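[1] sequence? don't have it. structure:
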């Protein structure tokens, strides 16, 4: 009886091999595995590179603190801050410090003489804004 069961299994296996509707198993070439592995590695490297802080953006917190401190210093000297002057064209590398109204008053805050020249000329790309009371408004 054991031989009969074994032969029936063999017969079923032969029938499956001869079935015309059965799709043959394809082997995946090793180059496909290598390609996928390279893509995964490149995605990881790209993700790591993009997560590193931009050098100029790393100065954001320092520039914000220094701008507030400079504003307090200028205020104690008696500098008139109601016109929204530029306090520093480069408070930290890549960052300017400007006084603005909060909410913004376009007639005063958008005047060229009240803006940092380094921002207008494009020498610095980022700026910190504080209000007339030397409170942080925004850093862009």
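    Thanks, I have it. Keep in mind the model is a prediction, meaning the values are calculated, not measured. Numbers count the residues shown, from 1 in each chain.

[2] Now stretch 34-53: average pLDDT?
    Averaged across stretch 34-53, the pLDDT comes to 87.

[3] now do stretch 127-140
    Across stretch 127-140, the average pLDDT comes to 92.

[4] List of residues touching that stretch?
    For stretch 127-140, contacts defined as CB atoms under 8 Å, 6 or more residues apart in numbering pick out 60, 63-64, 67-68, 71-72, 75, 81-82, 84, 87, 91, 95-102, 116, 119, 126. The C-beta positions use only the backbone N, C-alpha and C, and glycine is treated the same way.

[5] what's in contact with the longest strand seen in the chain?
    Ranked by residue count under DSSP state E, the longest strand found in the chain is strand 86-92. Residues lying outside strand 86-92 but in contact with it, judged by CB under 8 Å, 6+ apart, are 59, 62-63, 66-67, 70-71, 74, 96-99, 114-118, 123-124, 128, 130.

[6] Mind checking which of those are in helices?
    If you go by DSSP state H, these have 62, 63, 66, 67, 70, 71, 74, 117, 118 in helices.

[7] now those: which count as buried?
    Buried members of the ones in helices among the contacts of strand 86-92, scored by 16 or more other CB atoms under 10 Å, are 63, 66, 67, 70, 71, 74, 118.

[8] list the contacts for the second one?
    Residues near residue 66 by CB under 8 Å, 6+ apart: 91, 92, 97.
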